[in-house]
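Undergrad: kindly generate the corresponding structure for this input.
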Amino acid sequence: MDPQNQKRRVGIIRSRLRDKGLHGLIVTKSENVSYLTGFAGEDSWAIVTKTGLYLLTDSRYTEQARKECVRTTMVQRAGKDPIAQAGGQFLRKLKSAGTVGVEKSTSIGMFEVLRKNAGMPLKPVAGIVEESRNTKDVDETADIMAAAAIAARAFGEILQQVKPGITENELAGALDFEMRKLGAKNSFETIVAFGPNGSRPHHRPTQRKLKTRDAILIDFGARYGGYCSDITRSFAFGTPTPAYRAAYAVVEKAQAAAISVARAGADMVEVDAAARAVIRDSGLPVYGHGTGHGIGLEIHEDPFLKENAKGKLRAGQIITIEPGVYIPDKLGIRIEDDILITATGCEVITSECPRMPILQR
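TA: Purely as a prediction, here's the structure:
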């Protein structure tokens, strides 16, 4: 992590803590720890005070932490000490005179151990780090764009392997392998769905073999530098049925409608509604999931584009737009791209990923 970026991020968090009358923050969510310290390991907490930034970790990660973390003081706990106990004891040594916030995602059990050992007032708080993560800085945007480019390239490579007889599992594994060869890893469990399996939005790959004239849906993403991309492509293998052609055209139109209104200042609910209106007007069933979501250190993070969404899009956010049509036991079509919101509109950062209604062989 660039030291200046880290200094800016921690400075914003300290400002928010002052606004809330807090003297520090215990950061337990791994993505938030990474955002503030650069640490990409597990089982470690960050502690932000008025003047210090600390990483509470153990001997499994200290070598890694020294390489990844900048402007951060390492606090190594004994392996036998539960992290909540060690965190509380460290807080006691700091002798803070005021209330310290603890991320609300921390379990009740850990919070109680912290409070027992800290010897100072603790208060559950939510969203302090996530609010900063909502918009991406230059480095974050570059990592997400790199993740998108890797995913697109890997997808292009595995299209050559799409042949009758290949299983959903085999194709998903091949795509994951290509992303690893390119220096990334999959950002979530890759979805490959053949034929009627595509009507299940979160289908898990099986041993079902590809048949001639099957429809195919592939939902995938790469994680690079800790940051995620998320893409879905749907296509017919061979000559599509008239019903598939018609449904695909509707989904394409729905996505284009949402992208056309996505810009800084746009109401999120209106972006969602733009896509749904196209599908509703076509007479096809309207999808039950959201139209999109933020991506970053997590594959699903704020903002969420849904029917009851509140708030407006902001420049610097990176979101997905992913309408779909699902007809149970018949077909599923979803088209998903990653979108950078700008002051004047948006940029599709996954536009290089192959996209076609028909895959000819």
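Undergrad: distance check, the most centrally placed residue in the chain against residue 188.
TA: Centroid-nearest residue in the chain, with Cα atoms, centre = their mean: residue 299, separated by 1.7 Å. Plainly put, residue 299 is 5 Å away from residue 188 if you go by Cβ to Cβ, to the nearest Å. To be clear about C-beta, it is placed using only N, CA and C from the backbone, and glycine gets the same treatment.
Undergrad: got a list of contacts for the host helix or strand of residue 157?
TA: Taking DSSP states H and E as the criterion, residue 157 maps to helix 138-158. By Cβ atoms under 8 Å, 6 or more residues apart in numbering, the residues outside helix 138-158 that reach it are 1-2, 5, 136, 171, 174-175, 178-179, 181-184, 187, 218, 220-229, 231, 233, 295-296, 316, 318, 338, 340, 349-350, 352-354.
Undergrad: which SSE is immediately downstream of it?
TA: helix 168-181.
Undergrad: residue 93: neighbour count?
TA: If you count neighbours by other Cβ atoms under 10 Å, residue 93 ends up with 9.
Undergrad: tell me the helices and strands packed up against the host helix or strand of it.
TA: Residue 93 belongs to helix 83-94 when assigned by DSSP H and E. Helix 83-94 makes packing contacts with strand 24-27, strand 45-49, strand 53-57, helix 108-118 when contacts are defined by 3 or more Cβ pairs under 8 Å, 6 or more residues apart in numbering; DSSP states H and E.
Undergrad: dig out what residue 186 forms beta bridges with.
TA: Beta-bridge pairing for residue 186 (DSSP bridges): residue 222.
Undergrad: how far away is it from residue 299?
TA: On the measure of Cβ to Cβ, residue 186 and residue 299 end up 10 Å apart.
Undergrad: list residues touching both of these two?
TA: Common neighbours of residue 186 and residue 299 (Cβ under 8 Å, 6+ apart) are residue 221.
Undergrad: what ranges do the helices span in the stretch 151-300 of the chain?
TA: Secondary structure of the stretch 151-300 of the chain (DSSP state H, counting those that start in this stretch): helices located at 168-181, 242-261, 268-282.
Undergrad: could you dump those to CSV with mean pLDDT and mean neighbour count?
TA: As requested, those are arranged in CSV below (pLDDT from 0 to 100; neighbours: other Cβ atoms under 10 Å):
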stretch, mean pLDDT, mean neighbour count
helix 168-181, 98, 19
helix 242-261, 97, 19
helix 268-282, 98, 19
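Undergrad: so which bits of stretch 331-349 are buried?
TA: 331-341, 346, 348-349 (16 or more other Cβ atoms under 10 Å).
Undergrad: return the member of the residues you listed nearest to residue 291.
TA: Using Cβ to Cβ, the shortest approach to residue 291 within the buried residues of stretch 331-349 belongs to residue 336, at 10.0 Å.
Undergrad: thought the closest one was touching residue 229?
TA: No. Using Cβ atoms under 8 Å, residue 336 makes no contact with residue 229, being 10.2 Å away.
Undergrad: show me what contacts residue 40?
TA: 34, 64, 68, 226.
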